[in-house]
Structure formats: structure tokens, C-alpha cells
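Colleague: Okay, sequence plus prediction incoming.
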Amino acid sequence: MYDVAERSGVSIATVSRVYRNPDSVRAQTRERVLEAARELGYVPSGNARGLASRTTGVLGLCFPDYADPDAEADAEADSDADDAVMLYSDQIIRGMERAARRHGYALLIAASLEGGPESLVAKVAGRVDGFAVLAQTVPTEDLEVISRRLPVVMLAGPREIDHLDHIVVANADGERELARHLIEDHGLRRLAFIGGEVESPDAEARFRGFQQACRDAGLPVPDAPDLRAEMMTQAEGARTAEALLDRNAGLSDSERPQAMLFANDQMAVGALRALERRGVRVPEDIAVTGFDGIPLSRIVRPPLTTVRQPIRQLGEQAVELLVQRLSDRERPPVSLMLPVSLARRASCGCG
């Protein structure tokens, strides 16, 4: 910084203002300082700033590694497909990055549970001013400890800790509306729900919405999903779809399920491909639906009927809550439920 000030003929305070509050410096002076910085290869030190302000200028995001090998293979096979195969976590990251940049923060992402969730928290917590964490990613007791020092926002799932800010989408309402659409608008009565892991709070909330739709329509209410996926990936969607076909092979047409409702889009996309391989027509032979509204749901064949959740907004709202909490540590905790919408497409028989 001393070298930049000397080369540009200004004070050290002016150099500091150029980077901290550029609008407070005349444009001509600002450009002279930046040009000197470029010539000298100078960039402000985040560590030095942090020592002075006790902040890092960084927000963190912790979530499990939701990698889907089939989706990654699609992206590698078609370089133009990158946006189309963006998954749930990708959309959250994009939303958080956009909002963080708007507020002058960088984003640090910890997306691997290698070494256990405790190490994940340790890696992130010491390097950020606050962080967002997806439900069930980090043990509650660890979050309790960290949240005494740093703002923490919980994303998705139940509100595990009352004093933390929390954001969730209307999972149960969305699945109930989707199932109601199949029952009332398409006259389908035999519905099979394919769930995720029991530990997935979003998937369980969606199943509760499905149960409520069955209850409202006077249909049998299942105690558990017809099948559960070990991971909510395309491969597991294909496996469960084929397992359901095999299990119902001996049933008559009047007994077989008329629709498969998957707990997320990735599984539903895998199911569409498996059904096509087996010669099962969608939606003529069976309807298929998902949940999330990832971009891929629009371009598969047939296009997937799904519940569209505001995934990027989830990430943006997480940053907004963190920034608000950093400016006012004493304000009451906030719990937001973001609305969802039904996307009616060809996989259920809609035009």
C-alpha cells in the first residue's frame, strides 16, 4: 500500500479509501491509484483487513456433497448443457454468490463431508463472518457452539435450534397441490410415492403433503413411501422405477399404479430414462412427477411436471439474513417459508 501511494502521488489514506469506499475518491485520482496498483501487482490483503476490523469479508455455505454422476456425465457430454444440469445445490450457490457480491462479501463453500461434519464446521467457521448450513449437515450440538460466536442460518428442514434464523420452502403444500392435480384434474387414483432417505427432512415433508392429498381425496393413506431411494440421484430414480415395474408386473391394468411421484427431479429424470428403456410410455402408461424445478426438468422428454421451488432465492435470502444478523446481533430470530408453484408439463398429461 505504501508503494502504491508513493507511485500514484497520494496518501496511504487515499489508497485505503479507493478500495474501501471508492465513491469517496475523485474518479481521476481513483484511476491513478488503481493504475499504480496494477503496475505493482497490488491487491488488498483480506487477512490484514480482518486484523483491523475483526471481520473476514467472507460468508460460508455448508452442505453435503450432492454430486450426481449421471448429471455430471450429461454436462461432460454436452458442453452447452452446463446450465441445464444445474442441481439443487448449484442453484443455492448461485443465489448466495449473487447476493454476497451485492453486499461486498465473498463466498466460501464447504461441500464435502470427508472427515466428518465436525471438520466441515471447523474448516469454515474460523474463516467466515457467518454461514448458512443445510439441515442435517452438521450435528446440532456443534451448531449450538458455533452460533454463540457466528451468525448461522439454517436452510431447509425443520428449525433445529430456536435462536437461529431459518429458511424453508413449502414442501408439504407443494406436494399436496401436485398430488391433488393428478387426482382431480387427471382422474388418477392409484399413486405411488418414491421417497428419499428418512434423514432427508425435505423428502419427508413432501411425503406428508402426499399423504394429506390422499386423505383429502378419500384415498388410502400410506404409512410410508412405496419405495425409498438410498440417494436422491438419477441412478436411484431409475433403480426404483424399475423395481416398481417389476413388483407390479403380475398386476392387472386396473391394479397397477397410474403415477409415480418422486421426491425430487433428479430421481424423476432417471425414472423417465428407465421407463423409456423398458418401453413404458409416459404419460400414456404411467405419469411421472418430480419436485424442485431444476432446469433439466424442462428439457427432458417428456418435459417433467414438478413443483418449482425458488432455489436461488433460498440462497439469496440466506445472505440477506446473515447480513442483517451481522448488523444487529440482538434482533429476534427469523423463520421464513418461501412459496412454491406447480409446473404442469407433459409427463403428467398436461400440454
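Modeller: Yep, it's here. Numbering: from 1, shown residues only.

Colleague: going forward, measure contacts and count neighbours with C-alpha atoms only.
Modeller: Fine.

Colleague: Would you mind listing where the stretch 1-150 of the chain has pLDDT under the threshold?
Modeller: 43-54, 65-87, 111-125 (pLDDT under 70).

Colleague: and with 80 instead?
Modeller: For the stretch 1-150 of the chain, the stretches with pLDDT under 80 are 19-21, 41-55, 63-88, 110-126, 135-143, 145, 148.

Colleague: ok, now which ones touch Val269?
Modeller: Contacts for Val269 were tallied using Cα atoms under 8 Å, 6 or more residues apart in numbering; they are 234, 237, 297, 300, 304.

Colleague: Please read the previous query as pertaining to Thr305.
Modeller: Counting by Cα under 8 Å, 6+ apart, Thr305 has contacts 288-290, 297, 342-348.

Colleague: Just send these back as a markdown table, with pLDDT, neighbour count and secondary structure too.
Modeller: What follows is the contacts of Thr305, written out as a markdown table (pLDDT from 0 to 100; neighbours: other Cα atoms under 10 Å; DSSP: H, G, I helix; E, B strand; the rest coil):
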| residue | pLDDT | neighbour count | secondary structure |
| --- | --- | --- | --- |
| Val288 | 98 | 29 | strand |
| Thr289 | 98 | 33 | strand |
| Gly290 | 98 | 28 | coil |
| Ser297 | 94 | 26 | helix |
| Leu342 | 98 | 18 | strand |
| Ala343 | 97 | 20 | strand |
| Arg344 | 98 | 19 | coil |
| Arg345 | 98 | 17 | coil |
| Ala346 | 98 | 19 | helix |
| Ser347 | 98 | 26 | helix |
| Cys348 | 98 | 26 | helix |
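
Colleague: got CSV for these, with distance to Glu320 too?
Modeller: Shown next, in CSV, are the contacts of Thr305 (distance: Cα to Cα, whole Å):
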residue, distance to Glu320
Val288, 36
Thr289, 32
Gly290, 29
Ser297, 28
Leu342, 26
Ala343, 27
Arg344, 31
Arg345, 33
Ala346, 36
Ser347, 36
Cys348, 37
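
Colleague: hmm, back to that, out of the contacts of Val269, who's the most crowded?
Modeller: Per-residue neighbour counts (other Cα atoms under 10 Å) across the contacts of Val269 peak at Gly237, which has 31 neighbours.

Colleague: Would you map out the domains in the protein?
Modeller: 2-44, 58-169+311-338, 171-309+343-348 (automatic domain parsing).

Colleague: Tell me which helix or strand Gly315 sits in.
Modeller: Using DSSP states H and E, the element containing Gly315 is helix 311-327.

Colleague: what comes up buried for that helix?
Modeller: 311-319, 321-323, 325 (16 or more other Cα atoms under 10 Å).

Colleague: picking up where we left off before, from the contacts of Val269, which ones fall inside helices?
Modeller: 234, 237, 297 (DSSP state H).
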